[in-house]
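[1] One predicted model, sequence on top.
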Amino acid sequence: MRTAEHYWELRPKSMSFDVESVRADFPLIAGSDAIYLDNAATTQKPRVVLDALRIYYETYNANVHRAAHHLSDKATDAFERSRQVLAHRINAKHAHEIIWTRGTTEAINLVAACYAQSRLKQGDEVLISEMEHHSNIVPWQIACAQTGASLKAVRVRPDGVLDLDDFAAILSDATRIVAIAHVSNALGTINPIEHIIDLAHSHDAEVLVDGAQAAAHLPLDVQALGCDFYAFSGHKVYGPTGIGILYGKESLLDAMPPWQAGGEMIEEVRLEGTTYQSLPYKFEAGTPNIAGAIGLAAAIKYINGLDGDSLISHEQQLLHCATDGLDAIEGVRIVGTGSAKGPVVSFLVEGSHPSDIGTLLDQQGVAVRTGHHCAMPLMEALDLPGTVRASFSLYNRPSDVDRLIESVEKARSFV
């Protein structure tokens, strides 16, 4: 399996990627002069996703699994084929290892509630890192508070890279769960997930990977990784909001109690007791986001139709040019300088608050994100108030990078 370093090695190459053709597939992007560089927060949607949502609602809108009419049959077939598309995308062994959720946040909460709280006890430890999104911190704080387990965090070095020596030192036979980001949403750092999983498994700890920032940019193979759980959100990978997945190994999901009750997750209900459906339905109570699942599958099929290496090279070239251009501006400081990064550049402008820079860039038609990026512990560890974050995607052009650099230079002249 290719490592994170492989993707960084693609950075200097000049590979064919028809960005103008791709841009034409995204109505909001194709029809706007604005420079959208907030892709780590949410991505725009290609026309095939919008069409999939419209066609479902206009031609076969029905509930799934619950009726004896043709509309329900068609909806059920599309819904379950969408699950298969997601399973194939990440190379899950079984489609029933894919659980539909509202997104990464709900997926992590599901594991923290159903797996962690049924396994953790006094003296056990959960290991995270300082760079985690709040959604991969707070659920574990709650699980530890309810079970008596302890939460420990691996340090992040000043360059924004995970301190693997600290990870190895903290990891012990008391560690039951390691929950780690594949790619930092605040800095773009790509963590060496394969190595982390191997170390954790050597101590019999299970590993949950927060893949929210990886799914749109890196090929995923959960069997090769060997992770126990993997989660990501549809809206960060060109799909609809309110949909995402939790992948879990069949044996672990089977052993977990259900999280929510009612509707689809029930096999039989009697006043004396209830039996539950088998996987994956045990974790899918109530009417699911049918349209969202269909739309996410359409997004995944769209990505599958692109050349993966040329896409990665395109995004890495954007990152490389943006990093070099911003670094050349006097008074601009790049935050997060690891050698392996996703297409995210965070920076500060001397003498200015990040939010002020964001406003000045917006006035020039450049959309970025500012603040702590739901990563307050990371900002505290780096002693920062927050950063300006520009995040790139497949539809961004080199001219978008030029506009970013020009706009930062102009904003710098105002302070």
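    Nice, thanks for sending it over. In this text, all values refer to a predicted model and were calculated from it rather than measured experimentally.
[2] Name the SS class of His320, please.
    Here His320 is recorded as helix under DSSP: H, G, I helix; E, B strand; the rest coil.
[3] Report how many residues lie close to it.
    His320: 17 surrounding residues under other Cβ atoms under 10 Å. For glycine as for every other residue, the C-beta is placed from the backbone atoms N, C-alpha and C.
[4] do Pro258 as well
    Pro258, neighbours per other Cβ under 10 Å, totals 19.
[5] Repeat that for Ser150.
    Here the number of neighbours of Ser150 (other Cβ under 10 Å) works out to 15.
[6] One more: the one 4 residues further on?
    Look at Val154: counted by other Cβ under 10 Å, it has 24 neighbours.
[7] Likewise for the one 10 residues further on?
    If you count neighbours by other Cβ under 10 Å, Leu164 ends up with 16.
[8] so what's it up against?
    Contacts for Leu164 (Cβ atoms under 8 Å, 6 or more residues apart in numbering) come out as 192, 195.
[9] Could you tell me which ranges of this protein sit under the pLDDT cut-off?
    1-15 (pLDDT under 70).
[10] Which residue, other than its chain neighbours, is closest to the residue nearest the centre of it?
    Central residue of the chain (Cα atoms, centre = their mean): Ala212, 0.4 Å from the mean position. For Ala212, ignoring the flanking residues on the chain, the nearest one in space by Cβ to Cβ, 6 or more residues apart in numbering is Thr104 at 4.3 Å.
[11] All the strands of the stretch 151-300 of the chain, residue numbers only.
    Counting by DSSP state E, counting those that start in this stretch, the stretch 151-300 of the chain has strands at residues 175-181, 206-210, 229-233, 244-248, 266-270, 273-276.
[12] Please name whichever of the ones you listed is nearest to Thr287.
    With respect to Thr287, and counting by Cβ to Cβ, the nearest of these is strand 266-270 at 13.2 Å.
[13] Please name the strands paired to that closest one in the sheet, noting orientation.
    With DSSP bridges as the test, strand 266-270 is paired with strand 273-276 (antiparallel).
[14] and the strand it pairs with, how far out from the chain's middle?
    34 Å (Cα atoms, centre = their mean, to the nearest Å).
[15] Number the chain from 42, please
    With 42 as the first residue, the last one maps to strand 314-317.
[16] Buried residues of it, list them for me.
    Of all the residues in strand 314-317, those buried under the rule 16 or more other Cβ atoms under 10 Å are Tyr317.
[17] Contacts for it, please.
    By Cβ under 8 Å, 6+ apart, strand 314-317 touches 299, 302, 306-309, 323.
[18] give the contact list for the residue nearest to Ala253.
    174, 176, 251-253, 272-274, 285.
[19] quick one, phi psi at it?
    Thr145 adopts backbone torsions of phi -60, psi -40, taken as degrees, to the nearest 10.
[20] rewinding a little: buried only: go through the contacts of strand 314-317 for me.
    Buried members of those, counted by 16+ other Cβ under 10 Å: 299, 306-307, 323.
[21] Tell me which of the strands of the stretch 192-341 of the chain lies nearest to Arg453.
    In terms of Cβ to Cβ, the element of those nearest to Arg453 is strand 216-222, at 30.8 Å.
[22] which residues does Pro299 contact?
    Contact analysis of Pro299 by Cβ under 8 Å, 6+ apart lists 155, 306, 317, 323-324, 326.
[23] from those residues, which single one is nearest Ser440?
    Set against Ser440, the nearest of these by Cβ to Cβ is Phe324 (44.8 Å).
[24] now Gln264, nearest residue through space, not along the chain?
    Closest residue to Gln264 apart from its sequence neighbours, by Cβ to Cβ, 6+ apart: Asn132 at 5.3 Å.
[25] so that neighbour sits right up against Val263, yeah?
    Yes. Asn132 lies in contact with Val263 (Cβ atoms under 8 Å); the separation is 6.1 Å.
[26] more neighbours, those two?
    The neighbour count for Asn132 versus Val263, taken as other Cβ under 10 Å, is higher for Val263 (22 against 14).
[27] who's in contact with Trp181?
    153, 157, 167, 169, 192, 218, 220.
[28] repeat for Gly201
    Gly201 touches 172, 225, 228, 230, 376-379, 423, counting by Cβ under 8 Å, 6+ apart.
[29] swap the cut-off to 6 Å and go again
    Applying Cβ atoms under 6 Å, 6 or more residues apart in numbering to Gly201 gives the contacts 228, 230, 377, 379.
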